[in-house]
Structure formats: C-alpha cells, structure tokens
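In: Just a sequence and a predicted model for now, questions to come.
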Amino acid sequence: MAEFDTQGDEGVTRDAADPAAGGEGGWRIREVAVRDLTFTVAERGVPGGRPVLLLHGFPQTHRAYDAVAARLAASRAPLRLIAPDQRGYSPGARPADPSAYALPALAADIAGLLDACGIEHVDVVGHDWGAMVGWYLAARYPERVRTLTAVSVPHPAAFAEALAQSPRQRKMSEYVQLFRDPEKAVGVLLEDGARRLRALYHPLPDSVIEPHLSVLGEPDALRAALNWYRAAKFGEGTSVPAIEAPVVFVWSTGDIAISRDAAERCVAYAAGPYRFVELEGVSHWIPDEAADALVDVLPFPTSADHEPGRAAS
C-alpha cells in the first residue's frame with residue numbers, strides 16, 4: 001500500500017507498522033485535526049488520485065465501506081479513498097453538548113476535513129446518516145462536491161415531506177423516538193450483550209458487525225452517536241436547497257427505515273443530472289450487502305475502462 005500524501009495536511013499520520021495504526025480491512029489510519037476536534041480517518045488507494053469521500057451512517061464506522069473500498073482499491077482507476085469516523089464516532093470528536101451534533105456542524109466537519117487534507121473537490125458517497133451529510137454538504141458547499149452518491153437516505157427535504165405526508169414513513173421512523181433519548185437507548189441497545197444493537201445490523205454476519213461493535217459497544221461512543229438523532233430537526237429539511245451536482249440515489253426494496261414514497265420524492269431536489277437506482281431484495285445495508293452493485297453505478301470512473309454509472313438500474 002502506498003504511503004499517505006500528507007502535503008498540506010494538518011493531521012498526524014500513523015504508520016501502519018505501528019500497532020496503534022490499526023489497518024484492519026486494508027485501511028491506513030491517521031488522526032486529522034479539524035478546529036478543536038480530532039477525527040480518525042481511514043484511507044486506501046492512490047495518495048495523489050482522484051479523491052473519493054466515503055461517509056458512514058449509524059450504527060457503523062468507516063468499516064462500513066470495507067467491501068466497496070476493496071473493489072475500488074483493486075481497480076485500475078487512480079482513486080484516493082477517504083473514510084472518516086464522523087463526529088461522535090471518533091474518540092477525539094465527541095462534544096458533550098447534544099446540540100453540537102446538528103447537520104450544519106456535521107457538514108462543516110467534512111468541509112474542514114477536506115481543507116486539512118488539501119482537497120478542493122471530492123466525489124461523495126454517503127450511506128444512511130452519511131447520505132444525509134452528503135446531501136447537506138452538496139447543498140451548502142456546492143463548490144466542494146464533484147458528484148454525490150446518496151445511499152438509502154433521500155434528500156432532507158424529501159425525507160421531511162415523507163414524514164409529514166406518508167403514514168408508512170412515520171411508522172418506519174418510530175424507532176427515532178427511542179434514539180432521541182440517548183440514556184434510555186444506550187441501556188436498551190447494550191443490555192444482554194448488546195443483543196438489540198446487534199439486531200439492527202440484520203442480516204449482516206458477525207464478522208461484519210464486530211468492527212462496529214468494538215467502537216459502539218462502548219457506552220460513551222454509542223451515546224455520542226445517538227446525539228445525531230437528538231440534535232436532528234427533520235422538519236427543517238425542507239429548507240435545504242436542491243443539489244446542482246450530478247446525483248445517483250440508491251435505494252433498496254428491503255430497507256426497513258426508508259419508504260418508497262420518501263425515495264421517489266428525491267428527484268424533485270436534484271437540479272442537475274439525476275439517477276435513481278433501485279436494488280431488489282437488498283436490505284438497508286447496501287454497501288455491505290451489495291457492494292458490487294453500488295460500485296457499478298458510481299458516477300465517476302472506477303477503472304480505466306469503466307463508463308460511470310454504466311450498469312442498469
């Protein structure tokens with residue numbers, strides 16, 4: 001694996017030979033300072049390559065992209081894959097105030113991370129909450145986002161509309177009420193050997209789940225991650241403008257958190273090129289369960305002879 005390109009970076013790179021560097025899943029790990037926070041950032045691929053930002057959701061870490069990154073890193077396209085553990089997930093980025101986990105702050109983290117890494121433009125791939133951050137980043141920092149691939153979670157305005165107008169989406173989102181009470185949720189999710197937390201990952205195997213549990217099985221980390229829900233103001237999503245950058249939105253019929261109604265509203269908030277990809281019979285965990293299908297529809301070159309988004313919907 002090539003060494004990191006640290007030119008212009010404010011963070012500290014840890015060599016993979018150092019046990020503290022981790023490196024599980026083929027990643028190289030470093031800590032990057034962004035204002036008063038420090039983020040754990042994983043990278044793979046070519047240091048000087050086209051930067052691709054991979055944003056995880058709840059309850060996962062950068063390891064959510066193991067399968068996607070393995071395929072991209074093995075391609076002939078020179079890509080620099082960057083996957084941060086976001087606010088609340090990185091040990092050095094856990095503010096005590098729940099309001100510090102609102103969407104504007106989460107997107108500002110990513111913009112600051114790009115600055116720290118010397119990156120001007122980036123292709124963004126976000127899943128679950130990572131998709132929500134990606135949408136907001138593309139709306140509020142349009143000059144930074146070359147393309148957006150949003151996985152599972154639609155544009156904030158589309159989601160807000162579905163919550164307000166779709167009984168099915170409201171039913172599917174009832175779990176959020178528990179997550180908005182982190183103290184109660186931590187107890188419920190971690191009791192009995194984290195049985196309920198483990199159940200959230202169904203149908204993923206234990207080998208995929210354990211890297212996430214090694215972080216979120218710790219009460220302080222889980223509490224911080226749940227603050228995303230506590231700080232969320234889903235009804236205000238209607239104030240987020242349409243996205244000018246090319247967008248691919250990937251949704252799966254087996255998703256138990258996002259309804260078809262919410263997914264199909266997304267097109268109204270894409271002002272530029274837009275593609276909706278529906279994966280039949282796949283669960284919410286698309287990057288883990290359908291990595292090949294996801295890579296095939298990415299709107300940027302993933303190999304020397306790859307036509308972006310070539311695969312059929």
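Out: On my side now, so go ahead. Because the structure is predicted, anything quoted here is derived from the model rather than measured. Numbers count the residues shown, from 1 in each chain.

In: need the longest helix for this protein.
Out: Ordering each helix of the chain by length in residues (DSSP state H) puts helix 182-200 first.

In: Mind listing what's buried along that one?
Out: Of the residues in helix 182-200, 182, 185, 186, 189, 190, 194, 197, 198, 200 count as buried by neighbour count, 16 or more other CB atoms under 10 Å. No exception for glycine: its C-beta is placed from N, CA and C like everyone else's.

In: got it, and stretch 251-265?
Out: Result for stretch 251-265 [16+ other CB under 10 Å]: buried residues 251, 252, 255, 257, 258, 259, 261, 262, 263, 264, 265.

In: any idea which of these is the one closest to residue 277?
Out: Lowest distance from residue 277 to the buried residues of stretch 251-265 (CB to CB) belongs to residue 251, with 7.4 Å.

In: Each with direction, which strands does the helix or strand hosting that closest one pair with?
Out: Assigned by DSSP states H and E, residue 251 falls within strand 247-254. Partners of strand 247-254 in the sheet, by DSSP bridges, are strand 145-151 (parallel), strand 274-283 (parallel).

In: Contacts made by the shortest one with the rest, please.
Out: With contacts defined as CB atoms under 8 Å, 6 or more residues apart in numbering, strand 145-151 is touched by 121-128, 130-131, 134-135, 137-138, 243, 245-250, 266, 286-287, 294, 297-300.

In: which element follows the longest helix of the chain toward the C-terminus?
Out: Downstream of helix 182-200, the next assigned helix or strand under DSSP H and E is helix 206-216.

In: what's the angle between that next one and helix 182-200?
Out: In terms of direction (axes from the mean of the first three to the mean of the last three CA atoms, to 10 degrees), helix 206-216 departs from helix 182-200 by 170 degrees.

In: mind saving the C-alpha coords of helix 206-216 as PDB?
Out: Output of helix 206-216 as PDB, limited to C-alpha atoms (Å, rounded to 0.1, in the frame of the first residue of the first chain):
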ATOM      1  CA  ASP A 206     -20.900 -11.300  12.900                       C
ATOM      2  CA  SER A 207     -17.600 -10.800  11.000                       C
ATOM      3  CA  VAL A 208     -19.000  -7.600   9.500                       C
ATOM      4  CA  ILE A 209     -20.700  -6.400  12.700                       C
ATOM      5  CA  GLU A 210     -17.900  -6.800  15.200                       C
ATOM      6  CA  PRO A 211     -15.700  -3.900  13.900                       C
ATOM      7  CA  HIS A 212     -18.600  -1.500  14.600                       C
ATOM      8  CA  LEU A 213     -19.400  -3.000  18.000                       C
ATOM      9  CA  SER A 214     -15.800  -2.600  19.000                       C
ATOM     10  CA  VAL A 215     -16.500   1.100  18.900                       C
ATOM     11  CA  LEU A 216     -20.200   1.500  19.500                       C
END
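
In: can you give me how far that helix is from the chain middle?
Out: Put simply, helix 206-216 sits 16 Å off its chain's centre (CA atoms, centre = their mean, to the nearest Å).

In: So for it, what gets flagged as buried?
Out: 208, 209, 211, 212, 213, 215, 216.

In: which of the residues you listed lies closest to residue 113?
Out: residue 215 (18.3 Å).

In: With secondary structure and pLDDT as extra columns, can I get the buried residues of stretch 251-265 in TSV?
Out: Below are the buried residues of stretch 251-265 laid out as TSV (DSSP: H, G, I helix; E, B strand; the rest coil; pLDDT from 0 to 100):
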residue	secondary structure	pLDDT
251	strand	99
252	strand	99
255	coil	98
257	coil	98
258	coil	98
259	coil	98
261	helix	98
262	helix	98
263	helix	98
264	helix	98
265	coil	98
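
In: Tell me which two of those sit farthest apart.
Out: Pairwise over these, using CB to CB, the maximum falls at 252 and 265, 16.4 Å.

In: quick one: residue 104 and residue 136 touch, right?
Out: Yes: contact criterion CB atoms under 8 Å: residue 104 and residue 136 qualify, at 7.3 Å.

In: more neighbours, the two?
Out: Counting neighbours by other CB atoms under 10 Å for residue 104 and for residue 136 shows that residue 136 has the greater number, 22 against 10.
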